[in-house]
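> sequence first, then the predicted structure, then my questions.
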Amino acid sequence: MANIEKRTSKDGKTSYRVKIRLKGRQPETATFKRLTDAKRWATQTEAAIREGRYFHSAAGKGKTLSDAIDRYSRDILPNLKDQKHRLAHLEWWRKKLGQTEIGDITSILIMEYKDELKATPYKVGETLKARSDATVNRYVASLSPVMAAAANEWGWISNNPCQKVRRGGESRGRTRFLSNEERKALLAACDRATDTPELKIIVLLAITTGGRRGEIAGLRWRDVDLKRHRITFADTKNGETRSAPLVGPALDAMQAWAKVRPLNESAYVFPGRSEKTKNKPLDFERPWRTAIQRAELSDFKFHDLRHTAASYLAMNGAGLREIADILGHKTMAMVQRYSHLTEDHKSSIVERMANAIFND
């Protein structure tokens, strides 16, 4: 039989603790914020126990979400990319549910805190901003592999509750890219950055290769093949090595830069300037912001140079698959935002086909 006990904490918060006792079994317990959730869990769990479908693991007994996050952070996370953001997300979940037994964490409970996150603004300078659905989705996406490991590798729970959490709708993403006039203005502004001459090279690489900020900043001379006119991005977002052609002004600029910088294979192409930072990638945030202001560009971020590369490719005849290969996207979904820019190319292909077939 299931028993539901109403509890009130010292700070006045109410919770409902469910205890199910069946003959021949250890009691099963769970705690919920809402009485309706407690009743639903009690009904479903008791039915599952009687039908032999309920998962019970001694391995997971007494294990909290904090325990799971600690083990995941120690054993799995070091092998993954984007650790900084994942850790930040997991620390938020630890703060909210860290002391909760992992077996008590349901999709309903995750949804409650997901909604709370969406409704809680965060501070940017002096301004409060609402979190987008895409941002909130990333928090759930960071929690999901922790719960998956607890279910599939450690045997602490029966399944991953994050799989049943509805994700918020996401936009197709930004397609902000430089017009011809804006591109000329930005490169001219980079020319004026005499204390950071490599800024123009970095911008040219971003426009011609679609490289991300971190990928370009992390380039080492061993990643640059000036004879074959190629560069290799070894530390990419999706963890896969990607090469890109080195052409046009970007090639000229890199060849000139190679004469200035020592070609030490292990050295960064764009290292820091001071004795303390010379073995680290250059931090070019300040000259970049200055160049943006001088070029009078509005609503433009460094990542938009990647959108610029993709947009230029689309407008000059590249197909979506080619764009995805060059930019290193694993799926076509990320490049669908550029489909409207390929319309002229598609029209010319269909026109050539029609002429070949009907004008014989």
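Noted; the coordinates are in hand. Numbering: from 1, shown residues only.
> correct me, but L226 touches Q255?
Yes. At 6.0 Å, L226 counts as touching Q255 under the criterion of CB atoms under 8 Å. The C-beta positions use only the backbone N, C-alpha and C, and glycine is treated the same way.
> contacts for stretch 112-128, please.
Stretch 112-128 has contacts (CB atoms under 8 Å, 6 or more residues apart in numbering) with 33, 92-93, 96-97, 129-131, 133, 136, 139-140, 165, 168.
> what residues sit buried inside it?
Neighbour-count burial for stretch 112-128 flags E112, Y113, K114, L117, K118 (criterion: 16 or more other CB atoms under 10 Å).
> returning to what we had before: identify the farthest-apart pair in the contacts of stretch 112-128.
Pairwise distances across the contacts of stretch 112-128 peak at 26.8 Å for K33 and K129 (criterion: CB to CB).
> between those two, who's got more neighbours?
K33 (15 against 11; other CB atoms under 10 Å).
> could you check how far A193 is from I201?
For A193, the distance to I201 equals 11 Å [CB to CB, to the nearest Å].
> sorry, wrong one. I was asking about I20.
66 Å.
> looking at the buried residues of stretch 112-128, which is nearest P281?
Taking CB to CB as the measure, P281 lies nearest L117 of the buried residues of stretch 112-128, at 32.0 Å.
> quick check, pLDDT for that closest one.
We have a pLDDT of 92 for L117.
> next: D225.
Note for D225: predicted pLDDT of 92.
> what's across from it in the sheet?
Note on D225: beta-bridge partners by DSSP bridges are R230.
> what sits against it?
Counting by CB under 8 Å, 6+ apart, the residues that D225 touches are I231, T232, L246.
> how many residues are close by the closest residue to R166 other than its chain neighbours?
Using CB to CB, 6 or more residues apart in numbering and skipping residues adjacent in sequence, the residue nearest R166 is M111, 7.2 Å away. Other residues lying near M111 total 15 when counted by other CB under 10 Å.
> same question for V18.
Using other CB under 10 Å, V18 has 24 neighbouring residues.
> I'd assumed it was in a strand, is it?
Yes. Assessed by DSSP: H, G, I helix; E, B strand; the rest coil, V18 belongs to a strand.
> which secondary structure elements does the helix or strand where P249 lies contact?
Using DSSP states H and E, P249 maps to helix 248-260. Counting contacts by 3 or more CB pairs under 8 Å, 6 or more residues apart in numbering; DSSP states H and E, helix 248-260 packs against helix 198-209.
> just after the helix it packs on, pick out the following helix or strand.
Using DSSP H and E, the helix or strand that directly follows helix 198-209 along the chain is helix 213-217.
> list the buried ones in that next one?
For helix 213-217, by 16+ other CB under 10 Å, it's R213, E215, I216, A217.
> repeat that for stretch 61-79.
Within stretch 61-79, the residues that qualify as buried are K63, T64, L65, S66, D67, A68, I69, R71, Y72, S73, L77, counting by 16+ other CB under 10 Å.
> swap in stretch 79-92?
R86, H89, L90.
> JSON lines for those, including distance to Y268 and pLDDT?
Shown next, in JSON lines, are the buried residues of stretch 79-92 (distance: CB to CB, whole Å; pLDDT from 0 to 100):
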{"residue": "R86", "distance to Y268": "25", "pLDDT": "89"}
{"residue": "H89", "distance to Y268": "29", "pLDDT": "94"}
{"residue": "L90", "distance to Y268": "30", "pLDDT": "95"}
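> return the subset of the residues you listed lying in strands.
Using DSSP state E, no member of those falls in strands.
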